[in-house]
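**Student:** Could you look at this predicted model? Sequence included:
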Amino acid sequence: MAARDFLLPDLGEGLTEGEIVRWLVALGDTVVVDQPVVEIETAKAIVEVPSPFAGVVTALHGAEGDEVQVGAPLLSVDAAAPATGSAPGEADAVDGGAGSVPGEAEAAEMVPEPADAQDDGASGSVLVGYGTTGGARTRRRRGPLPPTVSSFATRGAQLHTVSSSAGPVAATGRPLAKPPVRKLAKDLGVDLGAVRPTGPRGDITRDDVQAAVSSTGVTAAEAGDERIPLRGVRKRIAERMTASRTQIPEATTWVDCDATELMRARDALNASQTAVRLSPLALILRIAVAGLAEYRALNAAIDGEDIVLHGAVHLGVAAQTERGLVVPVIRDAHRRTLLELGAELNRLADGARAGTLTPAELSGSTFTVSNFGAFGVDGGNPVINFPEAAILGVGRIADRPWVHDGELAVRKVLQLSIAFDHRIADGGDAAGFLRWVADRIEQPTLPLASL
């Protein structure tokens, strides 16, 4: 059978291209159906893409850091070529599987694999966790990563070394780092092999490289200007922010409120149960969701000549991560209790930091909240998450002088702000919603009991 080209599949949510972050196979490797072969970074997330064919890899159509369009070739697999080695990561299979790989270290994680693939070796799978279903299934173990294909053939100038522990490396001996980080290290003259990694997967981050530069006394100015391609998440952010500022006539209003009782209510709720650790933001989100039922013009969007008032609240929560700004979505937030909403917020926050959220978990919001307080600032003027009608900004909760019961006292003060699309909502809608939320933050006991 001639070599077959595996084309980059449709990754969903209207995504049209992706960036090759890391190859999980190399030329000459034997792959099996549904084996992950490459990590692709889209505007939404980093996903592992599995091969729909079994055979020997005869070509890799792109290097790490390259952008690939949906429908373009990713790699070529020859099912008829003689196997020159074992399929990476495969161990003993059962029920007529692909056989064993002698001498390979096994990882503990088990992943499913179809045993009844089609005669041509093709799979119904598009992404890991999706695809071929039904029939008997075998299981394989995922072992060490196969060799990685590098997009950087040379290092340029002699690299500086630093006295710190080196971190995990790929099978080729290369330290784990994303292409932009590798380029930064090259530009700054830092040897990645001598950098201590702090990334969630044992990978080297931009901050790690900058720390290495500081320890050698080499400044960025001495190393020259840095160019970062506008792609992936950063490209998506640029497109959305540009659309928001150019297409939406935006207005903003804000208010300060006393969050002392909110903090007491949060502490009491956490003391009364151990299922979910509630943050102040979780309580504010639940109050805001209830407020959107009263001010529906803020949970809306323009579609052609119509204003669409959404029946459901899919709550986006802007989060800053190493990959840039992402907006995980708490779906059907209006149907969730306070504890359910808090649990989902915690899950999505962990996934955003780890970079494991799927495109579906980062899409489809109808109203967004931006937590400026996470950065230790009082507040800000948030940019509407296009094409939504409004975004709520939440500042830090800080001790400040406040008139309480006619006397000056130190209270926990919070600033809220809201930016809104003036085509959809009027100032009265935005101010009314903001005041509605602020009042319940100041006196949360009764409303929280029913939420």
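**Tutor:** Everything's here; your move.

**Student:** a strand runs through G65, doesn't it?
**Tutor:** No: with DSSP: H, G, I helix; E, B strand; the rest coil as the criterion, G65 is coil rather than part of a strand.

**Student:** So it sits against E19, correct?
**Tutor:** Yes: under the criterion of C-beta atoms under 8 Å, G65 lies in contact with E19, with a separation of 6.8 Å. (Glycine included, C-beta is placed from N, CA and C.)

**Student:** More neighbours: which of those two?
**Tutor:** E19 (24 against 19; other C-beta atoms under 10 Å).

**Student:** Helix or strand: which one has that one?
**Tutor:** strand 17-23 (DSSP states H and E).

**Student:** From T356, how far out is R336?
**Tutor:** For R336, the distance to T356 (C-beta to C-beta, to the nearest Å) stands at 21 Å.

**Student:** Quick check on the two: which one has the bigger neighbour count.
**Tutor:** Neighbour totals were compared for R336 and T356, and R336 leads with 21 against 14 (other C-beta under 10 Å).

**Student:** OK, contacts around that one?
**Tutor:** I330, E344 (C-beta atoms under 8 Å, 6 or more residues apart in numbering).

**Student:** Give me the local confidence score for it.
**Tutor:** For R336, the pLDDT comes out at 95.

**Student:** Return the residues in contact with F386.
**Tutor:** R240, M241, A243, S244, Q247, I248.

**Student:** measure it to A238 for me?
**Tutor:** For F386, the distance to A238 equals 12 Å [C-beta to C-beta].

**Student:** Pull the contacting residues for the residue nearest to L269 when sequence neighbours are not counted.
**Tutor:** Excluding the flanking residues, the one nearest L269 by C-beta to C-beta, 6 or more residues apart in numbering is L278, at 5.5 Å. For L278, the residues meeting the contact criterion (C-beta under 8 Å, 6+ apart) are R266, L269, N270, L338, L339, G342.

**Student:** Quickly find the element holding L278.
**Tutor:** L278 belongs to no helix or strand when assigned by DSSP H and E.

**Student:** hang on, the earlier thing: got a quick ChimeraX command for the buried subset of the contacts of F386?
**Tutor:** Typed into ChimeraX, the next command selects the buried ones out of the contacts of F386 (criterion: 16 or more other C-beta atoms under 10 Å):
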select :240,244,248
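
**Student:** Inside strands: which ones of the contacts of F386?
**Tutor:** The strands, defined by DSSP state E, take in nothing from those.

**Student:** Show residues contacting stretch 245-261.
**Tutor:** Surrounding stretch 245-261, the residues in contact under the criterion C-beta under 8 Å, 6+ apart are 244, 280, 379, 381-384, 386-387, 393, 397, 402, 404, 411-423, 427, 430-431, 434-435, 438-439, 441-445.

**Student:** Just the CA coordinates for stretch 416-436, please, in CSV.
**Tutor:** In CSV, the C-alpha atoms belonging to stretch 416-436 read as follows (Å, rounded to 0.1, in the frame of the first residue of the first chain):
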residue,chain,number,x,y,z
LEU,A,416,-16.9,46.7,40.3
SER,A,417,-16.9,48.0,36.8
ILE,A,418,-19.0,47.1,33.7
ALA,A,419,-18.4,47.7,30.0
PHE,A,420,-21.5,47.4,27.8
ASP,A,421,-22.5,47.5,24.2
HIS,A,422,-24.6,50.7,24.0
ARG,A,423,-26.4,49.4,20.9
ILE,A,424,-28.0,46.7,23.1
ALA,A,425,-28.2,48.1,26.6
ASP,A,426,-28.7,51.6,28.0
GLY,A,427,-26.9,53.2,30.9
GLY,A,428,-29.8,52.5,33.1
ASP,A,429,-29.4,48.7,32.4
ALA,A,430,-25.7,48.7,33.2
ALA,A,431,-26.0,50.9,36.3
GLY,A,432,-29.0,49.0,37.6
PHE,A,433,-27.2,45.6,37.2
LEU,A,434,-24.1,46.9,38.9
ARG,A,435,-26.0,48.4,41.8
TRP,A,436,-28.1,45.1,42.1
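
**Student:** And the pLDDT at V195?
**Tutor:** The per-residue pLDDT of V195 was computed as 89.

**Student:** model confidence over the strand or helix carrying A301, on average?
**Tutor:** Secondary structure assigned from DSSP H and E places A301 in strand 300-303. Confidence for strand 300-303, expressed as mean pLDDT, is 96.

**Student:** Stretch 400-418 too?
**Tutor:** Stretch 400-418 carries an average pLDDT of 96.

**Student:** thinking again about what came up before, report the separation between the residue nearest to L269 and E340.
**Tutor:** Counting by C-beta to C-beta, the gap between L278 and E340 amounts to 11 Å.

**Student:** G393 in helix, strand or coil?
**Tutor:** Using three-state DSSP, the secondary structure recorded for G393 is strand.

**Student:** just the one 10 residues further on next, same as before
**Tutor:** The three-state assignment at V403 reads strand, by three-state DSSP.

**Student:** Run through the bridge partners of it.
**Tutor:** Listed beta-bridge partners, V403: L408 (assigned using DSSP bridges).

**Student:** For A419, see how far away R296 is.
**Tutor:** If you measure R296 against A419 using C-beta to C-beta, the figure is 17 Å.

**Student:** Neighbour count for those two, which is higher?
**Tutor:** It is A419, of R296 and A419, that has more neighbours when counted by other C-beta under 10 Å, with 26 against 16.

**Student:** and the more buried one, what does it touch?
**Tutor:** Residues in contact with A419, defined by C-beta under 8 Å, 6+ apart, are E250, A251, T252, N381, P382, V383, I384, A390, I391, G393.

**Student:** any weak-confidence spans in the stretch 351-451 of the chain?
**Tutor:** Applying pLDDT under 70 to the stretch 351-451 of the chain flags the ranges 446-451.

**Student:** Quick one: the helices in it, in order.
**Tutor:** Read by DSSP state H, counting those that start in this stretch, the stretch 351-451 of the chain holds these helices, from start to end of the chain: 427-442, 445-449.

**Student:** Next SSE downstream of whichever strand or helix holds A268?
**Tutor:** Secondary structure assigned from DSSP H and E places A268 in helix 260-272. For helix 260-272, the succeeding helix or strand toward the C-terminus, using DSSP H and E, is helix 280-294.

**Student:** which secondary structure elements does that next one contact?
**Tutor:** Where contact means 3 or more C-beta pairs under 8 Å, 6 or more residues apart in numbering; DSSP states H and E, helix 280-294 is packed against helix 260-272, strand 315-321, helix 338-354, strand 367-371, strand 390-404, helix 427-442, helix 445-449.

**Student:** One more pass at 10 Å, please.
**Tutor:** Contacts of helix 280-294 with other secondary structure elements, assessed using 3 or more C-beta pairs under 10 Å, 6 or more residues apart in numbering; DSSP states H and E, are made with helix 260-272, strand 315-321, helix 338-354, strand 367-371, strand 390-404, strand 407-421, helix 427-442, helix 445-449.

**Student:** pLDDT weak spots in the stretch 51-200 of the chain?
**Tutor:** Low-confidence regions of the stretch 51-200 of the chain, defined by pLDDT under 70, span residues 81-174, 179.
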